[in-house]
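A.B. asks: just coords:
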């Protein structure tokens, strides 16, 4: 009791100090929100946190079930056969050395955005401690007990079930505890690349919106369920591990424990089969976004909500992407029917022989810009010389295009940093002076919502060739690249755009219905960004050969294409 009170008092003091620090250091908005704001967010969005927590918990359970179902027979094989131990142990070590977050995108390529794509990396991360601990437990049976069973002519099966597995229980539960502690980490790693829901998705999307209250609240939920699983494993160990003679190691209700274990294996397999069998409907047309949902995508949600795509015989299912510019890869691998992509990346894909066909236009003007903080003495493009630049490699050729732009504009940065998706926080925390790879209609309003006034130079104002920013792509030779489908899709898309332009407030309200996890602060600045986006929505769906060729020639002139395009 005394220790509990000490821990409670220490925790309260820590929270009070944290609250005071956040109150007196407002400039740390990009780093550390106040605990009061975190718990307030948990309270006001309790239903959404419960939804994502239950989804992650289900992934953890299925991953554990899969790992346990495989660990049991493999641990027995390694105990029974020396050659199996020599073969499998090095393989397990290699698997454990592979960071699971690097495997998650590969799982998405193989399995699409399904439950399986998240469960498999989770199971792989849990699998090693479970298998090794169980194997170690099977090997620690005293030789005199083994001799006793052999003397009484026990079969190998009887030795396993009546002696080795009961003796290995402490090691098995040790594996359970370790697995419970890391299952949440493994599930979140899989969610980063292969999920549409879950605490990992909530954390990464809220971080991009600089909604750190939601990020920390999701982290709190993840910690809570991981710790609860650990306590549950410890509690089971306490119930099952009695220090008694071997013949009474289990109480009467656990006497026929082999049947109980068989039932547990059956339940594990059932969880895997039921959970991993959730595939999209066969008739759905899956469209992958280029990025997390933002105001650029509002017409697509409008078309789904108002039934414009259904009226054209298209059951459109919108899938969000956690990483930029990879939609083309999934399109070519058949993991989706349509993808929202960038024209520069598409031209580059053509030059490399990729069969992708543009069938629609969402945004027909460049959105990239050089964005900087106001009040830094930047008035003209020449003032960007000797500044520290941050960039994102999201569009596939962003780094090379940036180098070509700097060359054309005779600009010389003092330093270039790849800040990946953290463009907003990098500029807000003054880690860089200028960012490239952000959109002037989105990130500028995002920064202003954080009290950081910004200015920008549009690429279209710098004698940069015009191009279509966001286009809808289909795989060449597929049903969705044919003229009949393209025309139907274009009619639905343009009708969605026209509705959004004529009814901007209603369109934004529709978008909000599809984004229940976004905070009101995020929706406030996104509404301002939406007003900037309206004038640059596509006025038609005809792709100009002149616009395409002019930009392609610019890329070729700067040696940004590895091979000539197909005729």
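C.D. replies: Cool, got the structure. Since we're looking at a predicted model, the values are computed, not measured. Numbering: from 1, shown residues only.

A.B. asks: pull up the distance across stretch 498-514, start to finish.
C.D. replies: 20 Å (C-alpha to C-alpha, to the nearest Å).

A.B. asks: what of stretch 318-334?
C.D. replies: Terminal-residue distance, stretch 318-334 (C-alpha to C-alpha): 15 Å.

A.B. asks: measure how far it is from the centre of its chain, please.
C.D. replies: Relative to its chain's centre, stretch 318-334 lies at 12 Å (C-alpha atoms, centre = their mean, to the nearest Å).

A.B. asks: tell me the mean pLDDT for it?
C.D. replies: Stretch 318-334 comes out with an average pLDDT of 75.

A.B. asks: got the contact list for the closest residue to residue 367 other than its chain neighbours?
C.D. replies: Excluding its sequence neighbours, the residue lying closest to residue 367 (C-beta to C-beta, 6 or more residues apart in numbering) is residue 439, at 4.0 Å. For the C-beta atoms, the positions are set from N, CA and C on the backbone; glycine is no exception. Listed by C-beta atoms under 8 Å, 6 or more residues apart in numbering, the contact set of residue 439 reads 296, 367-369.

A.B. asks: and residue 439, its phi and psi?
C.D. replies: Main-chain dihedrals, residue 439, degrees, to the nearest 10: phi -100, psi 130.

A.B. asks: with the one 3 residues further on instead?
C.D. replies: Listed backbone geometry of residue 442 is phi -110, psi -60, with angles given as degrees, to the nearest 10.

A.B. asks: quick one: it and residue 510, what's the gap?
C.D. replies: Separation of residue 442 from residue 510 (C-beta to C-beta, to the nearest Å): 18 Å.

A.B. asks: check residue 480 too.
C.D. replies: Counting by C-beta to C-beta - residue 480 and residue 510 are separated by 25 Å.

A.B. asks: re earlier: for the residue nearest to residue 367, which residues make a bridge with it?
C.D. replies: Applying DSSP bridges to residue 439 gives these bridge partners: residue 368.

A.B. asks: next, count neighbours for residue 55.
C.D. replies: 22 (other C-beta atoms under 10 Å).

A.B. asks: how about it, secondary structure?
C.D. replies: helix (DSSP: H, G, I helix; E, B strand; the rest coil).

A.B. asks: correct me, but it touches residue 197?
C.D. replies: Yes. With contact defined as C-beta atoms under 8 Å, residue 55 reaches residue 197; the gap is 4.6 Å.

A.B. asks: the strands in the protein, which residues?
C.D. replies: With strands called from DSSP state E, the chain shows them at 285-288, 316-319, 338-341, 356-363, 369-373, 388-391, 415-418, 434-436, 454-458, 470-475.

A.B. asks: can you list the strands that the first one pairs with?
C.D. replies: Okay, so that is strand 285-288. Per DSSP bridges, strand 285-288 is paired in its sheet with strand 316-319 (parallel), strand 338-341 (parallel).

A.B. asks: now these as a markdown table including distance to residue 72 and mean neighbour count?
C.D. replies: What follows is the strands paired with strand 285-288, written out as a markdown table (distance: least, C-beta to C-beta, whole Å; neighbours: other C-beta atoms under 10 Å):
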| stretch | distance to residue 72 | mean neighbour count |
| --- | --- | --- |
| strand 316-319 | 36 | 19 |
| strand 338-341 | 41 | 26 |
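
A.B. asks: mind putting those in a markdown table, distance to residue 190 included?
C.D. replies: Compiled in a markdown table, the strands paired with strand 285-288 are given as follows (distance: least, C-beta to C-beta, whole Å):
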| stretch | distance to residue 190 |
| --- | --- |
| strand 316-319 | 16 |
| strand 338-341 | 22 |
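
A.B. asks: how about those strands, which one is nearest residue 359?
C.D. replies: strand 338-341 (7.6 Å; C-beta to C-beta).

A.B. asks: for the stretch 251-400 of the chain, which spans come out with low pLDDT?
C.D. replies: Within the stretch 251-400 of the chain, the segments meeting pLDDT under 70 span 251-283, 322-326, 393-398.

A.B. asks: please apply the same query to the stretch 101-250 of the chain.
C.D. replies: Using pLDDT under 70, the flagged stretches of the stretch 101-250 of the chain are 101-105, 107-109, 111-113, 193-194, 240-250.

A.B. asks: first to last residue in stretch 36-51, what's the distance?
C.D. replies: Start-to-end span of stretch 36-51 (C-alpha to C-alpha) is 22 Å.

A.B. asks: what sits up against it?
C.D. replies: By C-beta under 8 Å, 6+ apart, stretch 36-51 touches 19, 22, 197, 202, 213-214, 216-218, 220-221, 516-517, 519.

A.B. asks: any idea of the pLDDT on residue 475?
C.D. replies: With respect to pLDDT, residue 475 has a value of 91.

A.B. asks: can you show me the helices along the stretch 51-200 of the chain?
C.D. replies: 82-97, 100-111, 115-139, 143-151, 156-159, 165-167, 169-194, 199-208 (DSSP state H, counting those that start in this stretch).

A.B. asks: and the last one, how far from the chain's centre?
C.D. replies: Between the mean C-alpha point of helix 199-208 and the mean C-alpha point of its chain there is a distance of 8 Å (C-alpha atoms, centre = their mean).

A.B. asks: let me know the angle separating that helix from helix 115-139.
C.D. replies: Helix 199-208 runs at 120 degrees relative to helix 115-139, counting by axes from the mean of the first three to the mean of the last three C-alpha atoms, to 10 degrees.

A.B. asks: same for helix 199-208, what does it pack against?
C.D. replies: Contacts defined by 3 or more C-beta pairs under 8 Å, 6 or more residues apart in numbering; DSSP states H and E place helix 199-208 against helix 46-80, helix 169-194, helix 212-240.

A.B. asks: re the thing from before, so which of the strands of the chain gets nearest residue 115?
C.D. replies: strand 316-319 (14.0 Å).

A.B. asks: could you dump the strands of the chain to TSV with distance to residue 74?
C.D. replies: Listed next are these as TSV, based on distance: least, C-beta to C-beta, whole Å:
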stretch	distance to residue 74
strand 285-288	36
strand 316-319	35
strand 338-341	39
strand 356-363	42
strand 369-373	53
strand 388-391	46
strand 415-418	41
strand 434-436	49
strand 454-458	56
strand 470-475	39
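
A.B. asks: right, and those strands - which one's nearest residue 428?
C.D. replies: It's strand 369-373; of these, that one is closest to residue 428 (C-beta to C-beta) at 8.3 Å.

A.B. asks: just the residues contacting stretch 546-565, thanks.
C.D. replies: So stretch 546-565 is contacted by 343-344, 347-348, 350-353, 397, 400-401, 404, 407, 465-468 (C-beta under 8 Å, 6+ apart).

A.B. asks: please, a PyMOL command that selects the buried ones among these?
C.D. replies: Per 16 or more other C-beta atoms under 10 Å, the buried members of the contacts of stretch 546-565 correspond to this PyMOL selection:
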select buried, resi 343+344+347+348+350+351+397+400+401+404+465+467+468
